[in-house]
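Asks: Pasting a predicted model and its sequence here:
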Amino acid sequence: MTGSNPFRGFRYPAEVIQHAVWLYHCFSLSLRDVELILAARGIVVSYESIREWGLRFGRLFANALKRRRPRPGDKWHLDEVFVRIRGKLHYLWRAVDQHGHVLDVLVQSRRNAKAAKRFFRKLLRGLQYVPRVVVTDKLRSYGAAKREILPGVEHRQSRYLNNPAEVSHQPTRRRERQMQRFKSARHAQRFLSAHSRIHNHFQLRRHRLTADQYRAVRDHALRTWRDLAGVAAVS
């Protein structure tokens, strides 16, 4: 990461902080699970400190990964699932490309045309390009938003074509159960924006790679992670 040292003033070195953030976002672990794993390696740190690292550095690492990623694909799959926050129903809007890479997420209290337009605008603002095809389910809000925001883009509506987006929700569901649900819409948005990018960085589509290819791609992902955190690889 460029600019001033983001780890300045922290008691623990960058190696420990980035490892804790990596554990928390890449695996379905609780804060206390990460605390125990670090303790087994002789690093005594409270789960509250790990929570603070996850909030502060998770966002920094996720933004750095976003800047480094290659341009996503030209086919966007959009989907929304409900999340219950303090007893109230909210909706998590998610977009992925045809390769399964998460483009963006947005937590909203509605799933009407206004909410769909807001999500489309957020996607376009963050990605800075227009897709060739948009694939959604048959929710009519998508059609209304697409006609206004992306009038020249092909729109395919089918529950059977949107599997990449639906599968992409699974890590969020696991984290939601592990965290015993989100505390607020702001908390959900903040966590999932970072979690989606970090977790996705290490989802390497192993079933489509040979063992040697997988190891090479995995090593590259780890090098990128250490590099953006300013941590040297362990020899």
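Replies: Everything's here; your move.

Asks: So which residue is smack in the middle of this structure?
Replies: Central residue of the chain (CA atoms, centre = their mean): Ser196, 0.9 Å from the mean position.

Asks: which residue packs closest to it, ignoring adjacent ones?
Replies: Val102 (4.4 Å; CB to CB, 6 or more residues apart in numbering). From N, CA and C alone the C-beta is placed, and that goes for glycine too.

Asks: Model confidence for that neighbour, exactly?
Replies: Note on Val102: pLDDT of 91.

Asks: Same check on the one 5 residues further on?
Replies: Looking at Val107, its pLDDT stands at 95.

Asks: got the buried residues for stretch 111-118?
Replies: If you call a residue buried by 16 or more other CB atoms under 10 Å, then stretch 111-118 has these buried ones: 111, 113, 115-118.

Asks: Please identify which pair of these lies farthest apart.
Replies: Distances among the buried residues of stretch 111-118 were taken as CB to CB; the most separated pair is Arg111 and Lys117, at 11.7 Å.

Asks: residue ranges with poor pLDDT in the protein?
Replies: 1-3, 231-235 (pLDDT under 70).

Asks: dump the residue contacts of Ala144.
Replies: Contact analysis of Ala144 by CB atoms under 8 Å, 6 or more residues apart in numbering lists 113, 116-117.

Asks: Of those residues, just say which sits nearest to Leu161.
Replies: Here the nearest of the contacts of Ala144 to Leu161, counting by CB to CB, is Ala116; it sits at 17.7 Å.

Asks: before we move on, which element is the closest one in?
Replies: Under the assignment given by DSSP states H and E, the secondary-structure element containing Ala116 is helix 113-127.

Asks: elements contacting that helix?
Replies: Applying 3 or more CB pairs under 8 Å, 6 or more residues apart in numbering; DSSP states H and E, one finds that helix 113-127 makes contact with strand 88-97, strand 102-108, helix 140-149.

Asks: Asn162 is nearest to which of those?
Replies: Comparing these by their distance to Asn162 (CB to CB), the top pick is strand 88-97, with 9.5 Å.

Asks: which parts of the closest one are buried?
Replies: Buried positions in strand 88-97, judged by neighbour count with 16+ other CB under 10 Å: 90-97.

Asks: Just name the closest of those residues to Gln170, please.
Replies: Closest to Gln170 out of the buried residues of strand 88-97 is Arg94 (11.1 Å), distances taken as CB to CB.

Asks: In JSON lines: the buried residues of strand 88-97, plus distance to Ala20.
Replies: As requested, the buried residues of strand 88-97 are exported to JSON lines (distance: CB to CB, whole Å):
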{"residue": "His90", "distance to Ala20": "28"}
{"residue": "Tyr91", "distance to Ala20": "31"}
{"residue": "Leu92", "distance to Ala20": "25"}
{"residue": "Trp93", "distance to Ala20": "29"}
{"residue": "Arg94", "distance to Ala20": "26"}
{"residue": "Ala95", "distance to Ala20": "29"}
{"residue": "Val96", "distance to Ala20": "27"}
{"residue": "Asp97", "distance to Ala20": "30"}
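
Asks: where along the chain do the strands fall?
Replies: Here the chain has its strands, by DSSP state E, at 75-85, 88-97, 102-108, 133-136, 154-157.

Asks: what's the longest one packed up against?
Replies: Here strand 75-85 is seen to pack against strand 88-97, strand 133-136, helix 163-168, helix 170-178, helix 185-201 when contacts are counted using 3+ CB pairs under 8 Å, 6+ apart.

Asks: Can you report phi and psi for the residue sitting furthest away from the middle of the chain?
Replies: Relative to the centre of the chain, and counting by CA atoms, centre = their mean, the farthest-placed residue is Gly42 at 29.9 Å. Here is the backbone geometry of Gly42 (degrees, to the nearest 10): phi 80, psi 20.
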